[in-house]
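Participant: with the input below, show me the fold.
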Amino acid sequence: MKTIFYLKTCDTCKRILSELPNIEDFVLQDIKSEPITVKELEEMHRLAGNYEALFSRRATLYKERGLKDVELKQTDYKDLILEHYTFLSRPVVVDHERIFIGNSKKVTEAAIAHLSNE
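Facilitator: Next up is the predicted model:
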């Protein structure tokens with residue numbers, strides 16, 4: 001799979017997409033208009049090692065629902081990500097067997113370095 005999961009209305013996602021080299025062969029999937037499927041999420045989970053790594057604690061719904069006071073299990077993270085797109089830490093760049101999750105400077109630099117070598 002060569003897919004970038006992002007949010008079209010997110011300025012950070014747009015900035016990172018503009019910085020990523022060699023993404024012509026990637027499918028760009030706006031997770032709001034084209035929700036993540038169970039199969040896609042399971043593949044991301046396989047590459048990331050767990051669902052928590054894919055989960056965004058910055059989501060407004062995370063705070064609104066008081067989820068910080070709840071002990072979430074792996075199945076909870078999976079269900080929440082499938083329930084609402086804002087629970088996915090984004091962008092997520094999947095390049096076959098490599099995955100880059102989120103928008104931290106370190107992750108963005110790693111993704112840029114990886115994609116520059118293609």
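
Participant: could you work out the end-to-end span of stretch 58-72 for me?
Facilitator: Taking Cα to Cα, to the nearest Å as the measure, stretch 58-72 stretches 15 Å from start to finish.

Participant: how about the helices of this protein, start to end?
Facilitator: 11-19, 38-48, 60-64, 74-83, 105-116 (DSSP state H).

Participant: in terms of secondary structure, what does the longest one contact?
Facilitator: Counting contacts by 3 or more Cβ pairs under 8 Å, 6 or more residues apart in numbering; DSSP states H and E, the secondary-structure elements packed against helix 105-116 are helix 11-19, strand 92-95, strand 98-101. The C-beta positions use only the backbone N, C-alpha and C, and glycine is treated the same way.

Participant: could I get the average pLDDT for the longest one?
Facilitator: Okay, so that is helix 11-19. In this model, helix 11-19 has an average pLDDT of 96.

Participant: also the second one?
Facilitator: Mean pLDDT, strand 92-95: 98.

Participant: contacting residues for Cys10?
Facilitator: Applying Cβ atoms under 8 Å, 6 or more residues apart in numbering to Cys10 gives the contacts Arg90.

Participant: which helix or strand in the chain has the lowest average pLDDT?
Facilitator: Least confident helix or strand of the chain, by mean pLDDT, DSSP states H and E, is helix 60-64 with a mean of 92.
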